[in-house]
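> I need the structure of the sequence given here:
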Amino acid sequence: MPLLSDRVCEANRTKLVLELTVAALSVTTVLLAGAVLFRNPPVQTVVLPPSVVKDAGWTFTESGPSASYLERWSADLLSLAANLTPETADASMQRLLAHVNPEDVVRLRILLENQIEGLKADRASSVFYPNAVEVNEKALTADVSGIQKLLIGTRVTHSESVVYRLRYRYEAGRLFLRAIERVDGGNGDGAASSSNALNAADRTSREAAR
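Sure thing, here's the model as predicted:
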């Protein structure tokens, strides 16, 4: 009989341990579920710059992009062509040529390389400050007017009003740059010049050298 009593006690203890283990697991499961259910979710804040909201109306049709897109894109591309330093000129040229019409890449590359070589020789920088953009959606052109300055170090050696005309080709939903031309509005005659935008800075560099 004592042996039977010991076995009963041992079985009761085992049963109690199992019940306590199951109860502990149940409590742990409930606590984990509550933590997942009531924890504060991660907060992600998305900040939209004013330019994104302003340009939300960009549209493209079979004939080309909207005027707002042409305006913004022309300002960006011209910045690569007209804002140059000896240190950044090569990288800017490569970024610009990536958007040039394939048939015009060689011609523009030669013009750009000649201008960059001149800036490096004079250790000069060109800076363009745009103040207005006129877009012709039908012709796929944008005239960007502003002030072109040449600097050697921190000294401004030349400054003039200029207008640059950017011409594009639109095909299969993509806009290709064909040319950047100087329009001599700053000279008062309004005639188009065949020189590239960078050649304008080249002329000012030579004039400053005199």
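> surely residue 179 is in contact with residue 104?
Yes: with contact defined as Cβ atoms under 8 Å, residue 179 and residue 104 form a contacting pair (6.7 Å). Every C-beta, even on glycine, is put in place using the N, C-alpha and C of the backbone.
> higher neighbour count, those two?
residue 179 (19 against 16; other Cβ atoms under 10 Å).
> which helix or strand contains that one?
Secondary structure from DSSP states H and E places residue 179 in strand 174-183.
> ok, now residue 75?
Here residue 75 sits within helix 67-82, counting by DSSP H and E.
> which strands or helices does that helix pack on?
Using 3 or more Cβ pairs under 8 Å, 6 or more residues apart in numbering; DSSP states H and E, the elements in contact with helix 67-82 are helix 89-97, strand 124-136, strand 141-152, strand 155-171, strand 174-183, helix 197-209.
> for those, give me TSV that also has mean pLDDT and distance to residue 30.
Formatted as TSV, the helices and strands packed on helix 67-82 follow (pLDDT from 0 to 100; distance: least, Cβ to Cβ, whole Å):
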stretch	mean pLDDT	distance to residue 30
helix 89-97	95	59
strand 124-136	94	64
strand 141-152	95	66
strand 155-171	94	63
strand 174-183	92	58
helix 197-209	47	71
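> out of these, the one nearest residue 74 is which?
Nearest to residue 74, of all those, is strand 141-152, at 3.7 Å by Cβ to Cβ.
> hey, C-alpha coordinates of that closest one in PDB?
Provided in PDB are the C-alpha atoms of strand 141-152 (Å, rounded to 0.1, in the frame of the first residue of the first chain):
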ATOM      1  CA  THR A 141      11.600  74.400 -77.400                       C
ATOM      2  CA  ALA A 142      12.200  76.300 -74.300                       C
ATOM      3  CA  ASP A 143      13.900  79.700 -74.100                       C
ATOM      4  CA  VAL A 144      15.600  80.300 -70.700                       C
ATOM      5  CA  SER A 145      16.700  83.800 -70.000                       C
ATOM      6  CA  GLY A 146      19.100  84.900 -67.200                       C
ATOM      7  CA  ILE A 147      22.500  86.200 -66.200                       C
ATOM      8  CA  GLN A 148      25.700  84.400 -67.300                       C
ATOM      9  CA  LYS A 149      28.700  85.100 -65.200                       C
ATOM     10  CA  LEU A 150      32.400  84.100 -65.500                       C
ATOM     11  CA  LEU A 151      34.400  83.700 -62.300                       C
ATOM     12  CA  ILE A 152      38.100  83.300 -61.700                       C
END
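> partners of that strand in the sheet?
According to DSSP bridges, strand 141-152 forms sheet pairs with strand 124-136 (antiparallel), strand 155-171 (antiparallel).
> need those in a markdown table with mean neighbour count and distance to residue 69, can you?
Listed next are the strands paired with strand 141-152 as a markdown table, based on neighbours: other Cβ atoms under 10 Å; distance: least, Cβ to Cβ, whole Å:
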| stretch | mean neighbour count | distance to residue 69 |
| --- | --- | --- |
| strand 124-136 | 17 | 9 |
| strand 155-171 | 17 | 11 |
